[in-house]
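K.L.:
Model the following, please.
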Amino acid sequence: MRTETVTTDITVIGGGLAGVCAAVAAARLGRTVALVQNRPVLGGNSSSEVRVWVCGATAHGTQRYARETGIMGEMFVENQYINPEGNPYFWDLTVLQTVRAEKNIQLFLNTDVHEVEADGPEDDRVIRSVTGWMMGSERRIRFESEMFLDCTGDGLVGFLAGAKYRLGREARSEYDEEWAPEVADDITLGSTLLFYTKDVGQPVKYIAPDFAKDITKTSIPLRRVIRSGDNGCAYWWIEWGGELDTVHDNERIRDELWAVIYGIWDYIKNSGKFDAENMTLEWVGSLPGKREYRRFVGDYVLNQNDILEQKAFPDRVAFGGWSIDLHPPQGVYAEESGSKHLHMNGVYSIPFRSLYSANVRNMLMAGRNISATHVAFGTTRVMATCAVIGEAAGSGAALAVQKGVTPREIANDHIDELQQIMLRQDASIVGLRNEDALDLARRAAVSASSARTTIAVTSPEESVPLAEDVGILIPVNPAVEGVELLLDADSATTVEVELWSTGRAENYVPHERAAAAAVDVPAGERQWVPIDLRWRPDQPQNAFLIVKANQALKLYRSGEAHTGILPFVKREQPDRDPKLEFQLQQQVVVWRMNGQARKPFCLKVAPATNAYEPANVAGGYLRPYGGPNLWSSADLAEGRPEWIELSWEEEIEAGEIHLVFNDDVNEDLINLHHHRTPFEVIPELVKDYAIEAFANGEWTTLHRETGNRRRKRVHKLAETVRTKRLRVAAEATNGSPRAEIVEIRVY
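P.N.:
All right, here's what the predicted structure looks like:
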């Protein structure tokens, strides 16, 4: 046996997406990191060992403009390109390569940490080291660091260090949570095993093992959806163990889940109710995907009311948007639905105070073990949200090491600095803008070769009966003075239209009616019908246009996406369960995009708009927030690049250029096989571009990039350049007819 000691600034224990993003974030900020994972692959529940889809704030398209950016966003976009089929092994590679690209990270796979050295009084503990055993290598490794991040999911490190934690469900009275039980208990969400099937093109028999469950003697066939062609997370409901201890009873839970899977497959293959003669089991999981165990107590405990109110915490460092998603403790054997969902009207924020231990001074946590109640955990637990929490915790740990302070001191004294560091890295924070004093772009004048000045969708592709209310999101900057809709009328009728505010800048649902109109429409096809709607809000924001159902009318959809404009159709009845009447009160569920976000309804809005003006690239916002917050050019012409220019009154010295391109954060991406986009690169991303400086009376190219498919690019110049004028010339995109840039920074 070899005994070793590894000393780094930060040790991250747990190599799921939270741990990966924490380690990468800290490494990119100059800290040395040991990333310790007890499995042979990274990715946790998303890895090829478990194969759970990476869900996040988009909630499979329910939330708008909600896809994560930062490190998680990079992995989504990269996986979309290298792994469009959703191969779980290629996803493993996407995650692994993200870690291996960072020279400051030492990666230790197959290393199970089960010893923690900590000291100090109960209310002020300090972790000195953690020790793990590297399986297969007979290496006992001690990790010493200034900061430790427990990203283990189950929270073993913090538990061994004496960190305060909660297990189970809080009583309703403790945080006044409507979805909490009246009396506290130790019930958690259960664990799940998944399976894959394959059609081999010839008959395959199946003989169930003796331990397989006869599911016809259970409620499963009556209460759950079983189809012969489903795979993977379509069977998320194969869940059990919520009334047990999901850690100490892990083996028992696995055995029961195996019995259920092989019983379900016996039912599919041998009941005669399914077309499954040529199908076989291709893969069955052996590592239960755990949902819940310990949740550590931080300086703030996130709760249900914070989520639903979308509380704008001053120390917000991450966001989520998945519904509060809770499951019955009986899991697969429950008589009720396998899950219930409570949605907020937009994304919500997560405070930094929930990411460090209240009583272990040098421990942060990220993932499903953060400081949240059981009900709030119902939304924060999904993996893309865990990932952005990881980036926040890793960034906070790096700043704490740099300053020689505790995470609590970061929260109390340096939170603005942490937030600005994270924004510079393109992290997932909503409602905060760039205030970096070192960014020279913030004091530049901005101009461009052109800018989109109209809100107009004028290329009809198909007509759509106005069988139900439809909605159209549009940016309003500075005002609406009239709208035109392209309509077919089977007979003379009246079109009724309402214009609503969206309330909060991060919300995309109707909130308060601002204007309404009814206009007579004669019989005829493809009529541009003018509607007198007027609204001039106090500040730029989005508007939600509602066109009322009318069986005599048809609208037109375009086949061309338009940044800042989204189409919706109103749901009159819940799709999943008519008993869940509360869904009708959840606006993001009522108004749905139906996967048609890139097919907006044809309309024209007067007057001209400032929503896409060049100044937006230095406006400070990194994502849609009360508007698109980007520069959009006029249509690109062959051989004529569209450019955007920054100019200063005095010469500046530029050594580093940061560019953020539009990767359409409304587009729902996935790591495995939930769905496939029709493109492998987001069309709006600028593909070919040049960075140029004006000197000695001419433009000089500092850098040229071709084949770009990433959102955030940082270009460090070989030597600093003195100039009064810099510009980015966009020569081609990955499919969009316009060049779009979210942010330019200059250092």
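K.L.:
Identify each of the strands in the stretch 351-500 of the chain and give its residue range.
P.N.:
In chain order, the stretch 351-500 of the chain shows strands spanning 363-365, 445-448, 455-457, 460-465, 470-476, 482-489, 493-501, with DSSP state E, counting those that start in this stretch as the criterion.
K.L.:
Those strands: which one's closest to residue 205?
P.N.:
If you check each of those against residue 205 by Cβ to Cβ, strand 460-465 wins as the nearest, at 46.8 Å. (Each C-beta comes from the backbone N, C-alpha and C, glycine too.)
K.L.:
for the stretch 151-300 of the chain, what are the low-confidence residue spans?
P.N.:
Low-confidence segments of the stretch 151-300 of the chain (pLDDT under 70): none present.
K.L.:
ok so, going back, want to throw the strands of the stretch 351-500 of the chain into JSON lines with distance to residue 712?
P.N.:
Converted to JSON lines, these look like this (distance: least, Cβ to Cβ, whole Å):
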{"stretch": "strand 363-365", "distance to residue 712": "24"}
{"stretch": "strand 445-448", "distance to residue 712": "19"}
{"stretch": "strand 455-457", "distance to residue 712": "27"}
{"stretch": "strand 460-465", "distance to residue 712": "33"}
{"stretch": "strand 470-476", "distance to residue 712": "23"}
{"stretch": "strand 482-489", "distance to residue 712": "36"}
{"stretch": "strand 493-501", "distance to residue 712": "32"}
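K.L.:
From what I see, residue 323 and residue 342 are in contact.
P.N.:
Yes - in this structure, residue 323 is within contact of residue 342 by Cβ atoms under 8 Å, at 5.8 Å.
K.L.:
Tell me how far stretch 491-502 lies from the chain's centre.
P.N.:
Stretch 491-502 sits 34 Å away from the centroid of its parent chain (Cα atoms, centre = their mean, to the nearest Å).
K.L.:
Check the gap between residue 400 and residue 362 for me.
P.N.:
When distances are taken as Cβ to Cβ, to the nearest Å, residue 400 and residue 362 turn out to be 8 Å apart.
K.L.:
Now for these two: what residues contact both?
P.N.:
A shared contact of residue 400 and residue 362, defined by Cβ atoms under 8 Å, 6 or more residues apart in numbering, is any residue touching both; here these are 146, 147, 406, 407.
K.L.:
got a list of what the nearest residue to the first one once chain neighbours are set aside touches?
P.N.:
Read that as residue 146. Nearest in space to residue 146, with sequence neighbours left out and distances taken as Cβ to Cβ, 6 or more residues apart in numbering, is residue 401 at 5.1 Å. When contacts are counted by Cβ under 8 Å, 6+ apart, residue 401 is found next to 9, 10, 31, 146, 147.
K.L.:
for stretch 357-366, how far is the first residue from the last?
P.N.:
Chord length of stretch 357-366, first to last residue, is 11 Å (Cα to Cα, to the nearest Å).
K.L.:
Please enumerate the helices of this structure.
P.N.:
Counting by DSSP state H, the chain has these helices, from start to end: 17-28, 70-82, 88-100, 156-161, 172-175, 220-223, 250-270, 304-309, 374-380, 383-403, 407-413, 415-424, 587-590.
K.L.:
Which segments of the protein make up each domain?
P.N.:
As given by automatic domain parsing, the domain ranges for the chain are 2-169+295-321+348-424, 191-284, 440-450+612-746, 455-606.
K.L.:
re the thing from before, which one of the shared contacts of residue 400 and residue 362 sits closest to residue 684?
P.N.:
Distances from residue 684 to the shared contacts of residue 400 and residue 362, taken by Cβ to Cβ, are shortest for residue 407, at 37.0 Å.
K.L.:
Surely the closest one is in contact with residue 360?
P.N.:
No - under the criterion of Cβ under 8 Å, residue 407 lies out of contact with residue 360, with a separation of 9.7 Å.
K.L.:
burial measure for residue 225, as a count.
P.N.:
Residue 225 has 10 neighbouring residues, counting by other Cβ atoms under 10 Å.
K.L.:
quick one: low-confidence ranges for this protein?
P.N.:
Those would be 573-584, if you go by pLDDT under 70 across the chain.
K.L.:
remind me, longest strand of it?
P.N.:
Among the elements of type strand in the chain, defined by DSSP state E, the one spanning the most residues is strand 712-733.
K.L.:
quick one, that strand and helix 415-424 angle?
P.N.:
Taking axes from the mean of the first three to the mean of the last three Cα atoms, to 10 degrees, strand 712-733 and helix 415-424 form an angle of 40 degrees between their directions.
K.L.:
just to revisit the earlier point, who has more neighbours out of residue 400 and residue 362?
P.N.:
Neighbour comparison, residue 400 and residue 362: the larger count goes to residue 400, with 28 against 23 (by other Cβ under 10 Å).
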